[in-house]
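Asks: quick one: sequence plus predicted model below, questions after.
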Amino acid sequence: MSDINIVVCSEETEYKVVTKNKLVSDEFDIIGYCGFDKDAKVRIQGFVPDVVVFALDSADIDEEFLSFIENLDLSSSGCSAVILTDSVSVDLVNSAAQYGIRRVVDVEVAAQDFCNSLKKIVTSERKFSQKINVERKLRSYIYAFFSGKGGVGKTTISTNLAISLASRGKKTLLIDLDLQFGDADMALDLNPTETIVDIARDSSGISIDNLTTCCVTHSSGLSVLSSPSSPEMAEYVQSSHVKAILDTARNYFEYIIVDCGCNLTDPVITALESSDTIFMVNDVNILSLKRAKLCQNVLTQINQEDKLKIIINKKVKKNNVKLTDYENVLGQDIYATFSSDLKTINDSLNSGQPTILYKPRSVFSKEMEAFTDKIILEREGKEALKASNTKKKKGFMKK
């Protein structure tokens, strides 16, 4: 059985911790948390879990709460609902079953028994979904690009990755979260009439319609949500806006690329916490290495270190600081490297074209294609990678 993705729905920190501690098998992966508010449905649908565990006191499980679960309509996407509570009765189990809850489990259950129950539920649900041809939606992934130092090529890498994914037929969104000095739109020669500020200030709230309206579309098919047009407007974008944008986007886009600023502001921290992977981009010098270690320490403090992957940009053969220095200091292998190709990069930026389209045969472009291959392979598998490369070739032939 492939990994089982879990979303924990609870208002109590204690219940969240208890649920996490019971998932002792490596087969389980908690991919998100949410509460019982009106935004829960959007958040859960965006995560596309196998199981949602609703953890709460039995006294709070009434018809209104059971109707809340029913209205989530989890079964339509092949997802199962499980309640974890402090007191289980026959009446509660029967009532829950009427609302589509697969199982009600006592909070005192042994961890291994809890895991075994979830495995049986997921196995049964997957078999049933195959019989009635329920197509499982691929879970959206958020990749946040961050660095503690400016000028390392973070925007260059994130914009080129976004274009590379879009050119392969992937529904991709690029969010420029460098709220004061973002320039992803300029790097792609785009002229947005609306930015992230417009959706944040929209009185009707953040919806997929508002999001797509505020995005500008690149010729590759990439959707871009641009940073504010001037630095002083950054204050209009709060953490709550970033969270709502990402939760909403998960239901519509396969890949979400977030180009974060170099400062750990509240909106950036929210983006890092909401992401599935954090790519920390560095160039090869002692200052960048020092900043990388400081950033790693901060990510550890906010419990995000497990998401961290290291990218080295502007790699040169002869340098006093080695790639192994990064691996030794940071305690992990480097995920990807990009060679120093400043002339090609600068020429592409000045032309308003991403490098992979401006000079597809350049060293950087080949490295970017390999980087994209690696991401798709890890997330979707060999068949999806093969199909994406076919779409890419057809796209280039049309051009």
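Replies: That came in fine, so what should we check first?
Asks: pretty sure residue 233 is touching residue 196, no?
Replies: No - Residue 233 is beyond contact range of residue 196, at 9.3 Å (criterion: CB atoms under 8 Å). No exception for glycine: its C-beta is placed from N, CA and C like everyone else's.
Asks: what's the helix or strand for residue 221?
Replies: Assigned by DSSP states H and E, residue 221 belongs to neither a helix nor a strand.
Asks: that one touches residue 164, doesn't it?
Replies: No - counting by CB under 8 Å, residue 221 does not reach residue 164; the two are 11.6 Å apart.
Asks: between the two, who's got more neighbours?
Replies: residue 164 (26 against 16; other CB atoms under 10 Å).
Asks: how near is the more buried one to residue 147?
Replies: Noted for residue 164: a distance of 20 Å to residue 147, by CB to CB, to the nearest Å.
Asks: show me where the stretch 151-300 of the chain has helices.
Replies: 154-167, 184-187, 196-200, 208-214, 239-250, 266-274, 286-301 (DSSP state H, counting those that start in this stretch).
Asks: among these, which comes closest to residue 139?
Replies: helix 239-250 (8.0 Å; CB to CB).
Asks: summarise which helices and strands that closest one is packed against.
Replies: helix 40-47, strand 172-177, helix 196-200, helix 208-214, strand 255-260, helix 266-274 (3 or more CB pairs under 8 Å, 6 or more residues apart in numbering; DSSP states H and E).
Asks: what are the buried residues along the last one?
Replies: This means helix 266-274. 267, 268, 269, 270, 271, 272, 273, 274 (16 or more other CB atoms under 10 Å).
Asks: that helix vs helix 286-301, what angle?
Replies: Helix 266-274 runs at 70 degrees relative to helix 286-301, counting by axes from the mean of the first three to the mean of the last three CA atoms, to 10 degrees.
Asks: name the residues that touch helix 266-274?
Replies: Contact with helix 266-274 is made by 142, 144, 146, 175, 177, 179, 237-239, 241-243, 246-247, 258, 260-261, 278, 299, 302, 304, 307, as judged by CB atoms under 8 Å, 6 or more residues apart in numbering.
Asks: are any of the residues you listed buried, and which?
Replies: With neighbours counted by 16+ other CB under 10 Å, those contain buried members at 142, 144, 146, 175, 177, 179, 237, 239, 241-243, 246-247, 258, 260-261, 278, 299, 304, 307.
Asks: let's have the helices and strands packed on helix 239-250 in TSV, adding distance to residue 390.
Replies: Formatted as TSV, the helices and strands packed on helix 239-250 follow (distance: least, CB to CB, whole Å):
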stretch	distance to residue 390
helix 40-47	28
strand 172-177	17
helix 196-200	34
helix 208-214	27
strand 255-260	18
helix 266-274	32
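Asks: now these in TSV, with distance to residue 114 and mean pLDDT?
Replies: Shown next, in TSV, are these (distance: least, CB to CB, whole Å; pLDDT from 0 to 100):
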stretch	distance to residue 114	mean pLDDT
helix 40-47	20	83
strand 172-177	36	96
helix 196-200	40	93
helix 208-214	35	89
strand 255-260	32	96
helix 266-274	26	94
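Asks: select, out of these, the one closest to residue 124.
Replies: The nearest among those, by CB to CB, is helix 40-47 at 20.1 Å.
Asks: who does the first helix or strand past that closest one going along the chain pair up with?
Replies: Moving toward the C-terminus from helix 40-47, the next helix or strand (DSSP H and E) is strand 51-55. Take DSSP bridges as the rule and strand 51-55 pairs in its sheet with strand 4-9 (parallel), strand 80-85 (parallel).
Asks: tell me which of these sits nearest to residue 70.
Replies: So among the strands paired with strand 51-55, strand 80-85 is nearest, using CB to CB, at 8.8 Å.
Asks: hmm, who's touching that closest one?
Replies: Residues contacting strand 80-85 (CB under 8 Å, 6+ apart): 15, 18-19, 50-58, 61, 69, 72, 74, 92, 96, 100-107, 114, 117-118, 121-122, 125.
Asks: what subset of those is buried?
Replies: For the contacts of strand 80-85, buried by 16+ other CB under 10 Å: 15, 18-19, 50-56, 58, 61, 69, 72, 74, 92, 96, 101-105, 107, 114, 117-118, 121-122, 125.
Asks: so of those residues, which ones are in helices?
Replies: 15, 18, 19, 69, 92, 96, 114, 117, 118, 121, 122, 125 (DSSP state H).
Asks: can you count the residues close to the nearest residue to residue 139 once chain neighbours are set aside?
Replies: Of all residues not flanking residue 139 in the chain, residue 48 sits nearest, at 4.0 Å (CB to CB, 6 or more residues apart in numbering). The number of residues packed near residue 48 is 20, by other CB under 10 Å.
Asks: surely residue 48 meets residue 77?
Replies: Yes - counting by CB under 8 Å, residue 48 does reach residue 77; the two are 6.7 Å apart.
Asks: beta partners of the residue nearest the centre of the chain?
Replies: Taking CA atoms, centre = their mean, the centroid of the chain lies closest to residue 142, which sits 1.8 Å from it. Beta-bridge partners recorded for residue 142 (DSSP bridges): residue 256.
Asks: how near is it to residue 103?
Replies: 30 Å.
Asks: swap in residue 26?
Replies: 22 Å.
Asks: same deal with residue 309?
Replies: 36 Å.
Asks: kindly report the same for residue 78.
Replies: Note on residue 78: its distance to residue 103, by CB to CB, is 16 Å.
Asks: and if you look at residue 360?
Replies: Taking CB to CB, one finds residue 360 at 52 Å from residue 103.
Asks: this completes my enquiry, with thanks.
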